[in-house]
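Enquirer: Quick one: sequence plus predicted model below, questions after.
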Amino acid sequence: MTEELPAGTGSRTAQKKPTRVDMVATALRNEILLGARYPRERLGELDLAEQHKVSRGTIREALQRLAAMGFVLGEPHRGYSVREFSHEDVVGLGEVFAMIELQAVRSINFPVSPETVQTMREAAEQMSELDLVRDFDRFWELDRTFHGSLIAECKHPWLIDTWRRQQPFLNVITVPTILRPGVKYPGEVATERHLKLLDAVVGGDPEILQRAIEDHYHQHDEAEVTPGAQF
């Protein structure tokens, strides 16, 4: 019996048609991520309903979803606003993901399965074809496939669930790296970084793998958060 991968991993399958709530939530999330919406900006339901040509109920559901994901804050009698993430928050989240992944690899019986290696390699190589700003959703999917496949090898449901619950914040630690002022971060760079980590996974040396994981996530230490990309 094949171990079930965390949500967001594995090959893409046929998906149901997105609802209006899905489309509005995705559009608002991308506006936040790409700096079109600024930290602490108020998100009025009426204005958003007119902008997206949907009902206020649809907007409210989309905002509730984004609040659950950590992108907006909802306050009683004040409505919703864009959540602010400082540079220190971004670095801290990167450290959280590094710790989860390090804990997972300590529980893995190396070598990892050939199927996992192949899935991770395909995900990493497909990143090279992307414009990471325009194709951000696809990049995020490939990134989750890559890391989720490794996490699933640990076979600990509680650890897999912990990783899954943190997935929304993958956006938060990824976007500042991609949008660093004056620094081009093409898909080829993402492929290179992920293949470097995969080499350490295949090698199976605990010390080398630990350093590779730390290096992979601590690249966000260098990503200065500009006003347009601050969350």
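Expert: Now that the structure is in, tell me what you want to look at. Numbers count the residues shown, from 1 in each chain.
Enquirer: Could you find the closest non-adjacent residue to L66?
Expert: Sequence neighbours aside, V72 is the residue nearest to L66 in space, at 4.6 Å (criterion: Cβ to Cβ, 6 or more residues apart in numbering). All C-beta spots, glycine's among them, are computed from the backbone N, C-alpha and C.
Enquirer: Buried residues in the helix or strand containing I151, which are they?
Expert: Element membership for I151, per DSSP states H and E: helix 136-152. The neighbour-count criterion (16 or more other Cβ atoms under 10 Å) identifies 136, 138-152 as the buried residues of helix 136-152.
Enquirer: same for it, what does it pack against?
Expert: Judged by 3 or more Cβ pairs under 8 Å, 6 or more residues apart in numbering; DSSP states H and E, helix 136-152 is in contact with helix 20-33, helix 87-106, helix 114-127, helix 157-166, helix 170-178, helix 187-203.
Enquirer: Show me which of those has the highest average neighbour count.
Expert: A comparison of the helices and strands packed on helix 136-152 by mean neighbour count, using mean count of other Cβ atoms under 10 Å, puts helix 170-178 on top with a mean of 22.
Enquirer: For that helix, the averaged confidence score.
Expert: What helix 170-178 shows for mean pLDDT is 70.
Enquirer: and what of stretch 19-31?
Expert: Regarding stretch 19-31, the rounded mean pLDDT is 92.
Enquirer: Check stretch 42-55 too.
Expert: Per-residue pLDDT over stretch 42-55 has a mean of 96.
Enquirer: What's the end-to-end length of that stretch?
Expert: Distance between the boundary residues of stretch 42-55 (Cα to Cα, to the nearest Å) amounts to 18 Å.
Enquirer: middle-most residue in this protein, spatially?
Expert: Geometric centre of the chain, nearest residue: L170, 2.6 Å, by Cα atoms, centre = their mean.
Enquirer: Enumerate every residue touching that residue.
Expert: If a contact means Cβ atoms under 8 Å, 6 or more residues apart in numbering, then L170 has F97, W140, D143, R144 as its contacts.
Enquirer: Any chance of a markdown table for these, columns pLDDT and distance to R29?
Expert: Shown next, in a markdown table, are the contacts of L170 (pLDDT from 0 to 100; distance: Cβ to Cβ, whole Å):
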| residue | pLDDT | distance to R29 |
| --- | --- | --- |
| F97 | 92 | 19 |
| W140 | 86 | 10 |
| D143 | 93 | 16 |
| R144 | 93 | 15 |
